[in-house]
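Colleague: the sequence isn't on hand, but the structure is:
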C-alpha cells in the first residue's frame, strides 16, 4: 500500500498475468490515519488470494467448455468478502487504543503550535503581576513557566521519537496529564501570591476575569486530553473561589460559584469535544474500510467476469470450428439409415430392422437440427457469423416460410393468415438470415398453437419508416416472469412445455441475435390463455427507397440540356 496524496490510497494487487496491479482507491484518507495503515495489509493479504481458488473448477474452459456456468464462483467471492469484512471488523475493535493515540496526537499538535502563544500569555501575566507583587517573585514565577514550556517540548520530542508500535497510550497520556496538572498549580500559585483583595472592586473583577479567561484557554488547549481541562482549571479555581468566598459579599460568593460551575462545565465540554473527535476518527476508519472492501470485491468480480467471458468465448469458438467434424458423421448416419429404411440395396427381411433404421434416421435428423442451431448461436456469440447483405424482400420471406410450414399446419388444423402491406420495398439484409428469422418464428408459433387455432403473419411499416414482421398465435401464452427464461439459451416456459412438443430452446435466442445483427429490435408479448406475439423490427436505414422510372424522352431531353449547360459554362476567352 502506498499513499500518493492525502486524498488517495493505492493498493498493490496481483493481476491475472502474474504481475502486480496498482489500484487507486479514491477517498479522503487522512495521511496520519493509524487505522488505514493497520487494516490495508489485511485487505491486500485477502485480495491477493489466487483467483483460481475463488472459482469452481468446472468453469475452467480447458476442462469442460460446454458446461453451463455455475454459481459457486459467486459464492466463493461472497465468502472471501465476508472474511474480509470480519477481519476488518476485528481490526476496528482492536484499534481503539490507536484512536486514543491519534486523539493524543491532536493535543500534541496544539502544544506545538502554542509555544509562542504560551510565552505571550506568561509575559502579559508578568506585566500585570508586576503592579501587585515584587519583581523577584514575578521573575521566579516566569522562570517556572518557561520550564513548563520546555517540559512540554521534551514530552513532544519523546513522543515523536517513538515508533508506532512502541506508543503505549496509558503512560503517554499520564505524562501529559501530569504536565497539565503542573500548569494548573503554576497558575494557582500566582493567584495565591496575589495580595488580599480587600474592598477594592477593580481587583476583584480583574481576578474573576483572569480566572475565566484561563478556563477558556485551558478548554482550547486541553480539549483533546482526557481530564486535561479539569486538571488545569481545578487548582487555580480552588484558590480563587476560596479567596472570593472568604470575602463574604454577595458578589464575591456569586463569582466563586460561577467559577466552580464553569470549571466543571468546561471540563464536560472538553470531554464531549474529545469524544466527538474520537467518533469522527472511528467513522472515518469505517468509511476507509468500506472503500478498501469495495475495491477488493470489485477486483475479484472483474477477474471472475473476465474468466467467465474467456470460457464462454472459448466454448463458442470451439463449437464454431467443430461444424465440419460434427456434421460429417451425422450426414453419414442419416444417409446410410435412409438407404436401409428404404431398402435401396435390397430387402432387410426383418421389419424390426427397418423400423430401427427409421428411428435412427429421425433421431439423427433431430440431432443434426440441434447441432445446427447450437453452431449458429455459437457463431453469432463468437462474432464469426458473417452477413451476406443484399436486397431482400421481407414479404417474400414471409410467404416462402408460410409455404414451407403449410403442410404441417394443415395436419394440425391450424390456419395461417397473411396480412401484408402492399408495395413494400426491399430491405438491405442477409436473405438467408431473414428467412431463418421468419421460419423460426413461424415454426415456433405453429408448434405451440393448438388444433383449430390461428396464426397471423403481418408485414408492414413502423412509425419511424422502418419495416416489421409480426407473428401472433393463439397458444397457451407465457407467464410474464418466464419471458426472460424463454429468451435465454435452452430456456423453455413451463406451460408451453406441457402443451406442446419438445424443442431445443435455441430458436428465439438465434432470432434475437440475428435481428440485432441487422440493427433491429426484437420484442415478445404474451398473455396466459390468450397467445403470444413476436415482433421483429428493422430500422429505416435498412429500407431501400425505390426511385421512380424516368421516361426515355425526358431522359434524352435532360441529357441534351446537360450538354447545353456544360457548353454554356465554358469561358469565351478560351
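Modeller: Structure received. Bear in mind the structure is a predicted one, so any value in this text is a computation, not a measurement.
Colleague: measure residue 257 to residue 434 for me?
Modeller: 97 Å (C-beta to C-beta, to the nearest Å). No exception for glycine: its C-beta is placed from N, CA and C like everyone else's.
Colleague: same check, this time on residue 326
Modeller: According to C-beta to C-beta, residue 326 and residue 434 sit 26 Å apart.
Colleague: between these two, which one's more packed in?
Modeller: residue 434 (25 against 16; other C-beta atoms under 10 Å).
Colleague: any idea which element the more buried one lies in?
Modeller: In the assignment (DSSP states H and E), residue 434 maps to helix 431-448.
Colleague: name the helices or strands packed onto that helix?
Modeller: Here helix 431-448 is seen to pack against strand 389-392, helix 394-411, strand 454-461, strand 467-472, helix 507-517, strand 531-538 when contacts are counted using 3 or more C-beta pairs under 8 Å, 6 or more residues apart in numbering; DSSP states H and E.
Colleague: okay, buried residues for that helix please.
Modeller: By neighbour count on 16 or more other C-beta atoms under 10 Å, the buried set for helix 431-448 is 431, 433-448.
Colleague: local confidence estimate at residue 353?
Modeller: Here the pLDDT value assigned to residue 353 is 86.
Colleague: residues near the closest residue to it other than its chain neighbours, how many?
Modeller: Leaving aside its sequence neighbours, residue 353 sits nearest to residue 340 (C-beta to C-beta, 6 or more residues apart in numbering; 7.4 Å). For residue 340, the count of nearby residues is 19 (other C-beta under 10 Å).
Colleague: touching, residue 340 and residue 346? I think so.
Modeller: No: counting by C-beta atoms under 8 Å, residue 340 does not reach residue 346; the two are 9.9 Å apart.
Colleague: returning to what we had before: so which of the helices and strands packed on helix 431-448 comes closest to residue 306?
Modeller: Nearest of these to residue 306, taken as C-beta to C-beta: helix 507-517 at 22.4 Å.
Colleague: for the helix or strand just after that closest one, give the mean pLDDT please.
Modeller: Sequence order places strand 521-527 as the next helix or strand after helix 507-517, per DSSP H and E. For strand 521-527, mean pLDDT is 91.
Colleague: next: stretch 182-189.
Modeller: The model assigns stretch 182-189 a mean pLDDT of 89.
Colleague: residues in contact with that stretch?
Modeller: Stretch 182-189 is contacted by residues 141, 144-145, 148, 151, 214, 218, 231-236, 238-239 when judged by C-beta atoms under 8 Å, 6 or more residues apart in numbering.
Colleague: in helices only, show me these.
Modeller: Among the contacts of stretch 182-189, the residues falling in helices (DSSP state H) are 141, 144-145, 148, 151, 214, 218, 231-236, 238-239.
Colleague: neighbours of residue 141, how many?
Modeller: 19.
Colleague: so what's it up against?
Modeller: So residue 141 contacts 126, 129, 186, 189-190, 193 (C-beta under 8 Å, 6+ apart).
Colleague: so of these, which ones are in helices?
Modeller: Residues of those located in helices (DSSP H): 126, 129, 186, 189-190, 193.
Colleague: which among the contacts of stretch 182-189 gets closest to residue 427?
Modeller: Relative to residue 427, the closest of these is residue 218; by C-beta to C-beta it sits at 86.5 Å.
Colleague: how many residues are close by that closest one?
Modeller: Residue 218: 27 neighbours (other C-beta under 10 Å).
Colleague: from residue 189, how far out is it?
Modeller: For residue 218 relative to residue 189 (C-beta to C-beta), the value is 16 Å.
Colleague: one step back: nearest to residue 532, of the ones in helices among the contacts of stretch 182-189?
Modeller: Of the ones in helices among the contacts of stretch 182-189, the one sitting nearest to residue 532 (C-beta to C-beta) turns out to be residue 218, at 81.4 Å.
Colleague: show me what contacts the closest one?
Modeller: Applying C-beta under 8 Å, 6+ apart to residue 218 gives the contacts 180, 184, 228-229, 232-233, 266.
Colleague: what residue is smack in the middle of this structure?
Modeller: For the chain, the residue nearest the mean C-alpha position is residue 298 (6.9 Å; C-alpha atoms, centre = their mean).
Colleague: residues in contact with stretch 443-460: which ones?
Modeller: 394-395, 398, 401-402, 405, 408-409, 412-421, 424, 442, 467-476, 496, 499-501, 503, 507-508, 532, 534.
Colleague: for residue 439, give me the pLDDT.
Modeller: 90.
Colleague: tell me how far the residue found closest to it once you drop the neighbours it is linked to in the chain lies from residue 446.
Modeller: Excluding the flanking residues, the one nearest residue 439 by C-beta to C-beta, 6+ apart is residue 401, at 4.5 Å. Using C-beta to C-beta, residue 401 is found at 10 Å from residue 446.
Colleague: residue contacts, the nearest residue to residue 435 once chain neighbours are set aside?
Modeller: In this structure, residue 435 finds its nearest non-sequential neighbour in residue 397, 5.1 Å apart by C-beta to C-beta, 6+ apart. Shown in contact with residue 397 (C-beta under 8 Å, 6+ apart): 431, 434-435, 437-438, 469.
Colleague: for those, name the two members farthest from one another.
Modeller: Of all pairs drawn from the contacts of residue 397, the one with the longest distance (C-beta to C-beta) is 431 and 469, at 14.1 Å.
Colleague: ok, so of the contacts of residue 141, who is nearest residue 271?
Modeller: Nearest member of the contacts of residue 141 to residue 271, counting by C-beta to C-beta, is residue 186, at 22.8 Å.
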